[in-house]
Structure formats: C-alpha cells, structure tokens
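Participant: following is a predicted model, sequence given first.
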Amino acid sequence: MHFAPYQYQPAALQAVRCDYVIIAQWVMQQLPKHYQYEHFGSTAIGVHGKAVIDIACLYPNVAGDISAKQTLVDQTVPKLLAMGCEWQWGKTLFPTFRPRLDIAVSTVQGEIINVHIHVIEYHSKEHLQQRYFRQRLLNSPALRQEYMQYKKHILEQGITEHQAYGKAKSAFVKRILAEMN
C-alpha cells in the first residue's frame with residue numbers, strides 16, 4: 001500500500017469490507033508518531049457507507065484553551081500536509097482548531113480508498129462522542145442495521161454531496177448521542 005491523492009466521490013452506499021480495518025491500521029502506522037489515532041465511522045463499525053475511512057488524529061487536551069488548541073493544530077497540520085494530505089475537499093471547512101485533511105490509499109490491488117483525517121482534541125466532547133457512537137453501534141447489530149437503512153433512505157432522496165449527506169444523517173447520530181446525557 002501507499003498514499004495517493006484524494007479522489008472525491010459522491011456519497012453512495014458501499015458494501016462493508018473487512019480490509020477497511022487493516023487499511024486504517026496501516027494509515028495510522030504511517031502518520032506522525034507523537035499523536036494518538038482512532039479509527040471511527042462506518043468503516044470502523046462495519047456498516048455500509050461512503051467507503052471513506054475516518055481517522056481521528058488526537059492532540060493533547062488543553063481544557064478549553066482555544067489559543068492552545070490552535071497552537072497544537074498549527075503544529076500538527078504541517079506534518080500531515082508534508083506526507084501528502086490536503087485540506088478537506090468540499091464546500092465548507094471545519095473550524096481552524098478542528099480541521100479535516102484528506103488523503104487516499106492505493107491498495108495492493110490498485111484500488112483507491114479515501115481517508116479523512118480529523119484533527120481533534122483528545123478527550124474533548126467530540127472525541128468522547130465518536131467513541132460512544134462507535135461502541136454503541138458495535139454492540140448492537142439492530143442499531144447497525146437501522147443506521148444502514150437510514151443512510152440508504154438519504155441516498156434514495158438523491159443526497160450524495162458529503163456535507164449534505166452528513167447533515168441528513170445527523171438526526172440518527174444525535175439520537176444515539178443523547179443517550180450519553
């Protein structure tokens with residue numbers, strides 16, 4: 001495997017592949033060593049999805065200090081850009097203290113698998129929510145099935161642009177995250 005340029009593709013319901021976990025592990029091994037990484041999203045929980053691997057690049061928790069967050073992000077992003085990542089593809093960008101960078105992996109078979117690297121503060125609310133959602137769905141085959149059906153319904157409505165697709169499935173995600181309170 002090796003890194004390749006990101007290739008945007010409209011959202012579609014791609015089948016679950018067991019090698020997504022292996023590819024995610026390979027990506028995390030290639031990333032700068034002084035951060036923690038976690039695989040999350042549909043490819044981590046084994047449900048059909050956009051076939052994009054989501055990885056959290058976790059910088060140290062600075063307890064709400066926006067200036068410190070920005071400094072840590074400003075130290076992290078150049079390292080990711082240097083290895084071939086590019087700024088998020090799409091209409092809108094995440095906040096500067098919570099960017100997303102994109103890259104792809106070319107597999108041994110020559111397939112291109114897109115990867116989103118989300119730069120997130122360790123143990124922040126968002127990080128804990130990602131963990132909870134992933135674990136909740138991993139523990140419930142019924143919820144995984146419901147999530148796939150929910151995403152299928154969104155795509156049947158013709159919603160395939162990534163940000164619009166994410167926004168459309170947010171009601172399901174928020175319902176699961178409400179359990180945390």
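Facilitator: Ah, there it is.

Participant: would you say Val119 is within a strand?
Facilitator: Yes: judged by DSSP: H, G, I helix; E, B strand; the rest coil, Val119 forms part of a strand.

Participant: my guess is it contacts Ile55. True?
Facilitator: No: applying C-beta atoms under 8 Å as the test, Val119 and Ile55 come out as separate, 10.0 Å apart. In this view, the C-beta of every residue, glycine as well, is placed from N, C-alpha and C.

Participant: those two - which one has more neighbours?
Facilitator: Using other C-beta atoms under 10 Å, the more surrounded residue of Val119 and Ile55 is Ile55, with 24 against 21.

Participant: secondary structure element for that one?
Facilitator: Per DSSP states H and E, Ile55 falls inside strand 52-59.

Participant: ok, Leu137 touching Gln145?
Facilitator: No: counting by C-beta under 8 Å, Leu137 stays clear of Gln145, with 9.9 Å between them.

Participant: direction included, what does the strand holding Ile55 pair against?
Facilitator: strand 36-40 (antiparallel), strand 112-121 (parallel) (DSSP bridges).

Participant: and the helix or strand following the last one, what does it pack onto?
Facilitator: By that I understand strand 112-121. Sequence order places helix 125-138 as the next helix or strand after strand 112-121, per DSSP H and E. For helix 125-138, the packing partners by 3 or more C-beta pairs under 8 Å, 6 or more residues apart in numbering; DSSP states H and E come out as strand 36-40, helix 42-45, strand 52-59, strand 112-121, helix 141-156, helix 170-177.

Participant: mind listing what Ile66 touches?
Facilitator: Phe97 (C-beta atoms under 8 Å, 6 or more residues apart in numbering).

Participant: just to revisit the earlier point, nearest to Arg131, of the helices and strands packed on helix 125-138?
Facilitator: For Arg131, the closest of the helices and strands packed on helix 125-138 is strand 36-40, at 7.3 Å, according to C-beta to C-beta.

Participant: what's the angle between the closest one and helix 125-138?
Facilitator: Strand 36-40 and helix 125-138 are oriented at 40 degrees to each other (axes from the mean of the first three to the mean of the last three C-alpha atoms, to 10 degrees).

Participant: distance between strand 36-40 and the chain's centre?
Facilitator: 9 Å (C-alpha atoms, centre = their mean, to the nearest Å).

Participant: hmm, who's touching it?
Facilitator: Contacts for strand 36-40 (C-beta under 8 Å, 6+ apart): 21, 24-25, 28, 31, 53-58, 122, 127, 130-131, 133-134.
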